[in-house]
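K.L.:
Show me how the following folds:
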Amino acid sequence: MKKAFFAIFFFFHILPFIYGQDSLSITLDFDKDTLEILSPWSFTLQVTNRTNRVISEYPLLIEAGWIIQFGLIKLQIRQGDGAHWQNANIVSSRQSEIYSGGINHSKILHPFESMRGEFTCAPPVGLIKPGNVDVRILYYPLEKKDFIASSPVTLFLKDYHGIDSLAYNYIKNQPRSDFFLHPAFPSIRVDTSDIFRAEYLISTFPGSSMEPHVVLYLASLYCLMARNKSFKAENHAQVLPYLRLSKKYALKALETGDSKGIKIATRILQVYVDILFTLYSYGVPQEIEDEFILPFQN
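P.N.:
Have a look, this model is predicted:
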């Protein structure tokens, strides 16, 4: 009877602990522990097999700040005394919690082997404020039905001053307070109703630290609108004004942006070629080519 009891106890209590909860460790490490509220979040996630057996796990694959994975990762934050953990939807998971492909799309982790992923994403602007904020990752492993949580990491978010403070107070009260960080972070939803807010930011708070992001956003969105209209425009006058606005802000982004912003702005300017050849099926007029196709003549 004692042997039977021990076998049942081992199967339901000890075995799951050995092969489940304690089989993996998740480590979250940020590049910097002091950030501005609108600074990108750059962090490394490490998943380690802590057992002496081989484990199949969902891989950590990254492209342009997105998480392209077959499992599920959630980033959570907690700020303030007594606060609960909140999901911060700033990283993207392409699949549901249980991927239909299963083990065919897994990575083999040998005993005590680790896999790492380095991520850069937009901050959860609408959920944070100046001060300390705790951050953790929930990782959904292939062999379990429960999340595994990393140990929390504490970041300090600096406050803004002067015109940056005024611009931030405006931004944080908008329906999509991170809208202007697109296209640097493609996971952010695009809505043309934010154009008014972006132009208001530039005109009302000139020279703020948000301006390079805002002009890049406007260049991108006006380019997108020109492209969409080029497929169904009844005349050229319906498209060219959007291209001119996009060019205006893209050139400004070249002057005010960092190396990543300059690269994105240049890519936007290069898209005009495709738009114009869609719009002018019988050849782009020379004056339009001089205006919109690099290198510009005017």
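
K.L.:
switch to C-alpha atoms for all contacts and neighbour counts from now on
P.N.:
Noted.

K.L.:
In the protein, what helix or strand scores lowest on average pLDDT?
P.N.:
Within the chain, no helix or strand scores below helix 15-16, which has a mean of 39 by mean pLDDT, DSSP states H and E.

K.L.:
After that one, which helix or strand is next? Please name it.
P.N.:
Once the chain leaves helix 15-16, the next helix or strand it forms, by DSSP states H and E, is strand 24-30.

K.L.:
Flag every buried residue along the next helix or strand along the chain from that next one.
P.N.:
Next along the chain after strand 24-30, taking DSSP H and E as the criterion, comes strand 34-36. Counting neighbours by 16 or more other CA atoms under 10 Å, one finds that the buried residues in strand 34-36 are Leu35, Glu36.

K.L.:
quick one: contacts of strand 34-36?
P.N.:
Leu155, Phe156, Leu157, Lys158, Asp159, Tyr160 (CA atoms under 8 Å, 6 or more residues apart in numbering).

K.L.:
Now rank those residues by neighbours and give me the top one.
P.N.:
Taking other CA atoms under 10 Å as the neighbour criterion, Leu157 ranks highest of the contacts of strand 34-36 with 19 neighbours.

K.L.:
I'd guessed that one sits against Val125; true?
P.N.:
No. Because the distance of 11.1 Å does not satisfy CA atoms under 8 Å, Leu157 is recorded as not touching Val125.

K.L.:
intersection of neighbour lists for these two?
P.N.:
Here Leu157 and Val125 have Ile37 as joint contacts, going by CA under 8 Å, 6+ apart.

K.L.:
which residues does the residue most central in space within the chain form a beta bridge with?
P.N.:
In the chain, the C-alpha nearest the mean C-alpha coordinate belongs to Cys121, at 3.7 Å (CA atoms, centre = their mean). Assessed by DSSP bridges, Cys121 has beta-bridge partners Trp41.

K.L.:
With the one 10 residues further on instead?
P.N.:
With beta bridges defined as DSSP bridges, Gly131 has these partners: Leu157.

K.L.:
what about it, distance to Ile37?
P.N.:
9 Å (CA to CA, to the nearest Å).

K.L.:
Of the two, which one has the most company?
P.N.:
Set Gly131 next to Ile37 and count neighbours by other CA under 10 Å: Ile37 wins out with 22 against 16.

K.L.:
quick one, what contacts that one?
P.N.:
Counting by CA under 8 Å, 6+ apart, Ile37 touches Pro123, Val125, Ile128, Lys129, Pro130, Leu157, Lys158, Asp159.

K.L.:
neighbours around the first one, how many?
P.N.:
Think Pro123. Neighbours of Pro123 under the rule other CA under 10 Å: 21.
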